[in-house]
Every structure is written in C-alpha cells, then in structure tokens.
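Enquirer: fold the stuff below for me.
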Amino acid sequence: MKRIVLSALVLVCIASCYYDKYYAIHPPLTTSTGCDTTNIKYSGQVQTVLNTYCISCHSTSNAANLGGGYVMDTYGDARHQAPLALNAMKGIGVPNPMPKGTAGLYFTDSCSYNVIKLWISKNYPQ
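Expert: This is a model prediction of the structure:
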C-alpha cells in the first residue's frame, strides 16, 4: 500500500514539473489599427516604434540612469542594439521586459514587435 501511495505521489510531483515559455502560454495581443509591415525601414516604422516605446529611457541623455547604458536614438545605435532589444521585448535575458512596466512589447503591441523583427531579418534597411 505504501508503494502505491509513494508511486502516486512521485507521479504527481513529476507531472507538476512542467515549464513553458510565457509567450507560448500567453500569445501576444494584436493591434486594432492593423499592422503595416511593407517596406520596413529605420526612417519609417522602426524609428516610430523606438520613439514611442524606447527613447524615453534609451536616449543618449537618459541611458546611463534609466536605460541600463543602452542607447538607441540613432540608426547606428538601434542597429547595434536591435537583437538584444528584440529579446528584451519578450523578457528574455533581462530582469524586466521592455518597455519597463509592461509584460513586454511582444505581448502588448505585437505589430511593433514584428516591425523590429522584420527590420532585423531584412538586414536593417535605413
């Protein structure tokens, strides 16, 4: 009898050790205004996303105090930081998902996240 109870307890413990990625369990929200991912360039959609979500903390003047030292206010800065920023928008490899105070851009504005992702995949067009 003790073996049966012990075996059942072990099975319950093993079954409870299931981990999933947060974004696999909680898919990103979609935007209600549509998402234009045609002809993605830094000077268009990418700079708009960065100005909306990133520059308040990651500008040259604020990065040291608010942005962990990561500057994203020029094309060169954004290109250099984009892969890291993409992970930060999902909450991967950072203590807090970006932008600060949110679950991450991947979850709150999937269109903006996809703009950055496509910009990277197209080799950072200006």
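Enquirer: rest of the way, CA atoms for contacts and neighbours
Expert: Noted.
Enquirer: gap between the longest helix belonging to the chain and the chain center?
Expert: Determined from DSSP state H, the single longest helix within the chain is helix 75-90. When distances are taken as Cα atoms, centre = their mean, to the nearest Å, helix 75-90 is centred 10 Å away from the chain's centroid.
Enquirer: what is the subsequent helix or strand relative to that helix?
Expert: helix 105-108 (DSSP states H and E).
Enquirer: now the angle between helix 75-90 and the next helix or strand after that following helix, please.
Expert: Remark: after helix 105-108, the chain's next helix or strand is helix 110-121, criterion DSSP H and E. In terms of direction (axes from the mean of the first three to the mean of the last three Cα atoms, to 10 degrees), helix 110-121 departs from helix 75-90 by 130 degrees.
Enquirer: and helix 110-121, what does it pack against?
Expert: helix 75-90, helix 105-108 (3 or more Cα pairs under 8 Å, 6 or more residues apart in numbering; DSSP states H and E).
Enquirer: buried ones in the longest helix of the chain, by neighbour count?
Expert: Residues of helix 75-90 classed as buried under the neighbour-count rule (16 or more other Cα atoms under 10 Å) are Tyr75, Ala78, Arg79, Ala82, Ala85, Leu86, Asn87, Ala88, Met89, Lys90.
Enquirer: re the thing from before, Arg3 is nearest to which of the helices and strands packed on helix 110-121?
Expert: helix 75-90 (44.0 Å; Cα to Cα).
Enquirer: what is the rounded mean pLDDT of the closest one?
Expert: Computed over helix 75-90, the mean pLDDT rounds to 91.
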